[in-house]
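> the following comprises the amino acid sequence and a computationally predicted model.
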Amino acid sequence: MIKFILNGEEVTSNANPNERLLDVLRNEFRLTGAKCGCKEGECGACSVILNEKLVNSCMVAMGSIEGSTVMTIEGYSKTDRFTVLENAYAAVSAVQCGFCIPGMMLASERILAENPNPTEEDIRRGISGNLCRCTGYNAIVEAIGIAAKEGKGLW
Amino acid sequence: MVKSYLATSLKEALEIRGRESITPYAGGTDLMIEAHDDASYLFLNKIPELKQITVDDEYIRIGAASTFTEVYQSKLVPQILKDAVIEIAAPAIRNLGTIGGNICNGSPKGDSVLIFFATDSKLRLASSKGERILPIKDFYLGRKKLAIQDDELLVEILMSKTGLDNYYYKKIGARNALAISRVSFAGVLDIKDGKVVNCMTAFGAVSDVVIRRPDIDGMLIGKTIDEAKAVKEKYLAAFDEAIVPIRGRVSAEYRKSVCMNLLKDFLESNGI
């Protein structure tokens, strides 16, 4: 039995310690916002926030997260910060197919949480592990910049 | 039967490691790529002794389970290591991956490993029976062959406190983020009163093990810049012979010429 905090609630999982957090989130908890793109940490589609840090959930074995805090896009979407980012992404059409977006949003959150006034370079570095194959990065970078301005004080 | 343990102290981890055949898991970023259904892990990511970064009279001591992000953010860590660590993969991987894992993976492409070679760093290994300190060069026996015993864990990496400020580091990859080094090079040249007091170079991703040849680098030690210039051709020729790249994703010839170009640039940037 593995106990951890998932989107603010204490949960227990019956998963094996060697199972991937990504698979457990999707299959056991039915939180399908985190996507499986590559299963080798190269694409960022499975990004979640673990103990206040962005991680690839495909690279995390369940046994390592006992007592940890996990936030997925489902939990994050209930926050004011999410709303600011959502509006900014929409304003510049930074979403097309949407597959990378849950991960991209959580990467955006960590960029702004670590530095509420990021430069373009900071933003590009912050999303450098999140691949997008249709929108293109410029709109996403612009959206994060807009969120930084519009959400002043939130981060 | 899948058995795993989340150890909360080094003592507990060493006891488990001593009695069970189990895979040490620090950050998981290499292990989880090839995760098997029957993998048994000894989780090391919540052991305080393995996550400390401290300094004593001689060394900066970096806990093996420190993540790349933690290493980068530490005020104690030398800049040469930070330069290499910030180029590894992407933020999400740097938040999980550890320097101990980078070393124990055994790859000659490990970006932090290169720096530990170029700085003659030492490794502190422990088992429940005792501990030992080993120069990193003696830890790597061959491709994926390491001098670690079945009951041992890597506890700390010991870097020299002084003499690392004048350095040169270049990673050649296919892109900036999430790139595996095609060739990497680091050099440290410590000059005092116009004399080279130490020269350490290392070449990564070219051979089965990172290339570090103190015998050749020794040619420059004790020399003034002018004297070093006089032996430059001999020095370069010695490395030209010593570097025998293996063919990988890129050709051996390409790797060789990049190595030599970087070595020359390292010398030239120091007026040699």
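Cool, got the structure.
> tell me how far the residue minimising distance to the centre of chain A lies from A:Val92.
Among the residues of chain A, the one closest to the centroid is A:Leu106, at 2.7 Å (C-alpha atoms, centre = their mean). Shown here: A:Leu106 relative to A:Val92, a distance of 19 Å by C-beta to C-beta, to the nearest Å. C-beta here means a position set from N, CA and C on the backbone, and glycine is covered the same way.
> nearest to chain B: which residue in chain A?
A:Gly129 (2.5 Å; C-beta to the nearest C-beta).
> wait, what's in contact with that residue?
The contact partners of A:Gly129, taken as C-beta atoms under 8 Å, 6 or more residues apart in numbering or on different chains, are A:41, A:44, A:47, A:54, A:56, A:107, B:89-93, B:177-178.
> do A:Glu66 as well
By C-beta under 8 Å, 6+ apart, the neighbours of A:Glu66 are A:Ile2, A:Lys3, A:Phe4, B:Leu6, B:Lys46.
> hmm, which of those residues are the buried ones?
A:Ile2, A:Phe4, B:Leu6, B:Lys46 (16 or more other C-beta atoms under 10 Å in any protein chain shown).
> could you report the neighbour count for the nearest residue to the first one once chain neighbours are set aside?
Sequence neighbours aside, A:Ser13 is the residue nearest to A:Ile2 in space, at 4.7 Å (criterion: C-beta to C-beta, 6 or more residues apart in numbering or on different chains). Neighbours of A:Ser13 under the rule other C-beta atoms under 10 Å in any protein chain shown: 20.
> and what of the one 4 residues further on?
A:Pro17 is surrounded by 22 other residues when neighbours are defined as other C-beta under 10 Å.
> for it, which non-adjacent residue is spatially closest?
A:Gly63 (2.8 Å).
> repeat for B:Met219
B:Tyr235 (5.0 Å).
> in whichever helix or strand that neighbour is part of, what's buried?
B:Tyr235 belongs to helix B:225-242 when assigned by DSSP states H and E. Neighbour-count burial for helix B:225-242 flags B:Ile225, B:Ala228, B:Tyr235, B:Ala238, B:Phe239 (criterion: 16+ other C-beta under 10 Å).
> kindly reformat the residues you listed as a markdown table containing distance to B:Arg17 and pLDDT.
Listed next are the buried residues of helix B:225-242 as a markdown table, based on distance: C-beta to C-beta, whole Å; pLDDT from 0 to 100:
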| residue | distance to B:Arg17 | pLDDT |
| --- | --- | --- |
| B:Ile225 | 49 | 97 |
| B:Ala228 | 46 | 98 |
| B:Tyr235 | 43 | 98 |
| B:Ala238 | 41 | 98 |
| B:Phe239 | 39 | 98 |
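> quick check, nearest of these to chain A?
Among the buried residues of helix B:225-242, and counting by C-beta to the nearest C-beta, the member closest to chain A is B:Phe239, at 33.3 Å.
> just say helix, strand or coil for the residue nearest to A:Pro17.
Recorded secondary structure, A:Gly63: helix (DSSP: H, G, I helix; E, B strand; the rest coil).
> A:Ile2 is in contact with that one, correct?
Yes: using C-beta atoms under 8 Å, A:Gly63 makes contact with A:Ile2 at a distance of 6.8 Å.
> what do these two both touch?
Joint contacts of A:Gly63 and A:Ile2 (C-beta under 8 Å, 6+ apart) are A:Pro17.
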